[in-house]
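Student: below: sequence and its predicted model.
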Amino acid sequence: MSDPAILIEGVTKRFRDKVAVDRLDLAVPAGSLCGFLGPNGAGKTTTIRMVMSIFLPDEGRISVLGRKSAIESKDRIGYLPEERGVYRKMKVGEFLTYIGTLKGVDRKPLSKWIDQWLDRVGLPEVRKKRCEELSKGMQQKVQFLATIIHDPDLIILDEPFSGLDPVNARLLNELIRELHDAGKTIIFSTHVLIQAEQMCDRIFMINGGKKILDGTVDEIRADHDPNTVVFEPSPGADYESTVRSIPGVYSLSMGDRGVVEAHLDNDADPRSVMRTIVERIPVRRVEVRRATLEDIFVLLVKPGDSEDMLRAALSGRAGAEALHA
Amino acid sequence: MRKIFAAAVREYRTTALTPAFLIGAVILPVAIWGIIAAVAGLGLLTGEKAVMEGRIAILDESEDQLFFKALTAHFDPEAQRARDEKRREQIQELMDQSPMSSMMSEEEKQRAMRMAAPLLGLERIGEIVFEPLESEEQFNAARDRLGAGELRALIRVGESTLILPELTEAEQQEVIIDDDPLLQQAAASRQGPMQSKPTFRFAHAEDLDSDHVRALRSAVAQIAQNERFRRAGMDVAMVRAIDRSQPEPQTTVVTSRGEERESRAEFQRMMPFIFMMLLFTAAVTGGQYLLMGTLEEKGSRVMEVLLSAISPMQLLIAKLVGQGLVGLTILVMYTGLGLLLADRFNLLQLIPMAQVGWMVIYFLIAYAFLGAMMVAVGAAVTEIREAQALYAPITFSMILPFVLMFPIIENPASIWARIFSYFPPTTPFVMVMRLSQPAYPVPLWEILATIVVGFAGVVLVTIAAAKIFRVGVLMYGKPPSMLTLLKWLREA
């Protein structure tokens, strides 16, 4: 395996008394598409800003694309911040040109690139428009283009889907996949867990500044497999005593809309339980329950971990500053 | 480096190459001068001044009722018309001599004359009747009549208005050059308690035009003056004529290079003020744009997008450079305009060219000092309203040069002028004021030393600004207090 695109080792960042990131270790494999999850205020944005060298860690080391800091490889990184904006009075074309120039792209190829990509994201007419004339969704797309304008090897997207309608979300999804297929390393943070589950080949989750999940989607699922068989008995069928008597089943619970969940012992084989159920009672369907990211998220994150609770707990300016920093 | 350049160019372009900048920096000042000129012109044009007329009572206790007779003669309608006619002729003569005259028809000239008449103070005096009073009682009664609006003014003159000063023996022999106000006062008091100064009383109605008050008072004073000259045995006409024809100095200045040229000492006095204002305007304008620009980038959340491509320090430097060029543009524009005007009015040789060169360097110090503080404030707050609380040090360093201006222009070699030359916030302003006074040359070592001190100050402020900038740019929410800023300085 090649060197990781991002390597975070024992990184800690404090704002006043609050520890935003706590001895974090993380390795993002080159060429992977990673989801970066966690409740609000978990330290995602702080971690990303440290990766970008916007903040400096208090302890620990971060290397990006094999360099000691992002400053040395900034032109190979595309970063879409969560707090993102545009120069309102600037024309879209000028804005993209400016950002491109800041990232070290030559002017000449830039112009053609901008035309092509504006076309690609369905905004062929906006080049001469002022940024303030665009809708929020359109601005988002322009900002995404600004992120990848210099054809970076590493792309970091902080909440890229927030504020996008389903059509544009799908477009962005496609673009991210394309970039991934082209061999780019991509990390994005999101609250839309389904998306992360569908798109990513790797997931990190942090909570309270600490890493609580790290692995491929399948690995994480396997680790948190609930070992449950779900079936929907035909109406009127008497299933309870029959299913309870199947070896390996230790309890039953009612799910939504007539669905029954059979929870198995850890060492029981779900496939044999399924077979037995089909043989003994009339059912409409039966399946192995897979752990969704949402299940795992809810399992791992207590309501009190969310930023809202934290904000209430931290009173005064220090708290607000810590959160905003 | 390339990134700094690109960002600096953007700063400059979005500020200086916009219609708003042209309006603010060029058209607005021109328009302000235009408006001032226009208002002054309007003031003259609306010169439909009140005509002076009515009754004026005068208790004249002088020998032969001298004042009463002279005033009556002076304000006689016939005499006034004659004077007006004479002035008209003079004006006509001037007009005929002007190059414009050949281009105007006779009719146009007359129309111009009619239009000019009120401006030139013609035709403003109507029927005035001077009523002689006989006694103290009548004078007291006249006071009541004045209050009742029956009279326009009330004058009391007499021999006391005409007393002559008595000269001491020393004074008779000494040639006195009265250029010292203190000596003048001493001379006046030497006349002794017995010899009071000549006085007269003048009371006027509440609604008497101030021009008319002045005209009447000066008429009385001049009558008294003439009579006093006569009583002292002088030829009044000759004294007046001598007074009118003061010897005209042909002042020249001989430079160190041996050139002799016309001296413009009066203009020279204005130089420190002009240089200081130029410096101030250019530095503050650049600084203001820095504050606004940083606030905009922060408010529109474009800041972090920028920081993904360029480090905070690079961005800070780019901003300082870009807006510094804006300030320099203003400086060059105004200085160029000033030099052009100076050339037009033949004053160019008065402007020390080395001074202009030093001014650019001092501008850089003044601008960078203010600008770094402005950027820090812009980065620390989210809204312009919040900036107010952190503005105090900036206001302080902007007001200080003005407080110091007059003491230093008056006393460029004083110890205070030198102390403030080495205090970075005031260094550039004090130094341009000192440098523009050739009578008090500043040694080269002092120029260089102040530049070093100034730039050292700039470096310190910029480092502090960079710390605040780095922490502040991505911080939203409640604005920090001055105390918080100091904490950032310590922590960052």
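Tutor: Great, that's in hand.
Student: in what helix or strand does the residue of the stretch 201-350 of chain B found nearest chain A lie?
Tutor: Nearest to chain A, among the residues of the stretch 201-350 of chain B, is B:Arg301, at 3.2 Å (CB to the nearest CB). The way it works is simple: take the backbone N, C-alpha and C, and place the C-beta from them, glycine included. Assessed by DSSP states H and E, B:Arg301 sits outside every helix and strand.
Student: next: B:Pro247.
Tutor: B:Pro247 belongs to no helix or strand, assigned by DSSP H and E.
Student: pLDDT score for it?
Tutor: pLDDT for B:Pro247: 84.
Student: and the strand or helix carrying A:Ser63, what does it pack against?
Tutor: Taking DSSP H and E as the definition, A:Ser63 sits inside strand A:59-64. Identification of packing neighbours for strand A:59-64 by 3 or more CB pairs under 8 Å, 6 or more residues apart in numbering or on different chains; DSSP states H and E yields strand A:6-15, strand A:18-28, helix A:44-51.
Student: what residues of stretch B:296-314 count as buried?
Tutor: Buried positions in stretch B:296-314, judged by neighbour count with 16 or more other CB atoms under 10 Å in any protein chain shown: B:296-312, B:314.
Student: SS state for B:Glu53?
Tutor: State at B:Glu53, reduced to three classes by DSSP: H, G, I helix; E, B strand; the rest coil: strand.
Student: the one 3 residues further on now?
Tutor: Three states are possible here, and by three-state DSSP the one that applies to B:Ile56 is strand.
Student: the strand holding A:Ser63 to strand A:18-28, inter-axis angle?
Tutor: 40 degrees (axes from the mean of the first three to the mean of the last three CA atoms, to 10 degrees).
Student: what does strand A:59-64 rub up against?
Tutor: A:5-12, A:23-24, A:50-51, A:68-70, A:73, A:77, A:154 (CB atoms under 8 Å, 6 or more residues apart in numbering or on different chains).
Student: re earlier: please report how far the closest residue to the residue of the stretch 201-350 of chain B closest to chain A other than its chain neighbours lies from A:Gln116.
Tutor: Leaving aside its chain neighbours, B:Arg301 sits nearest to A:Gly85 (3.2 Å; criterion: CB to CB, 6 or more residues apart in numbering or on different chains). According to CB to CB, to the nearest Å, A:Gly85 and A:Gln116 sit 24 Å apart.
Student: what does A:Leu65 give?
Tutor: 26 Å.
Student: which of those two has more neighbours?
Tutor: A:Leu65 (20 against 10; other CB atoms under 10 Å in any protein chain shown).
Student: quick one, what contacts that one?
Tutor: A:5-6, A:73, A:76-77, A:153-154.
Student: those in strands, which ones?
Tutor: A:6, A:77, A:154 (DSSP state E).
Student: and chain B, which of these contact it?
Tutor: Restricting the ones in strands among the contacts of A:Leu65 to those touching chain B (CB under 8 Å from any CB of the partner chain) yields A:Ile77.
Student: just the closest of the ones in strands among the contacts of A:Leu65 to chain B, please.
Tutor: A:Ile77 (7.4 Å).
Student: ok, the closest one - contacts?
Tutor: By CB under 8 Å, 6+ apart, A:Ile77 lies in contact with A:52, A:64-65, A:70, A:152-156, B:308.
Student: what bridges to it?
Tutor: Beta bridges link A:Ile77 to A:Leu154, judged by DSSP bridges.
Student: got a markdown table for the contacts of A:Ile77, with pLDDT too?
Tutor: Formatted as a markdown table, the contacts of A:Ile77 follow (pLDDT from 0 to 100):
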| residue | pLDDT |
| --- | --- |
| A:Met52 | 85 |
| A:Val64 | 90 |
| A:Leu65 | 89 |
| A:Ala70 | 75 |
| A:Pro152 | 92 |
| A:Asp153 | 92 |
| A:Leu154 | 93 |
| A:Ile155 | 94 |
| A:Ile156 | 93 |
| B:Ser308 | 82 |
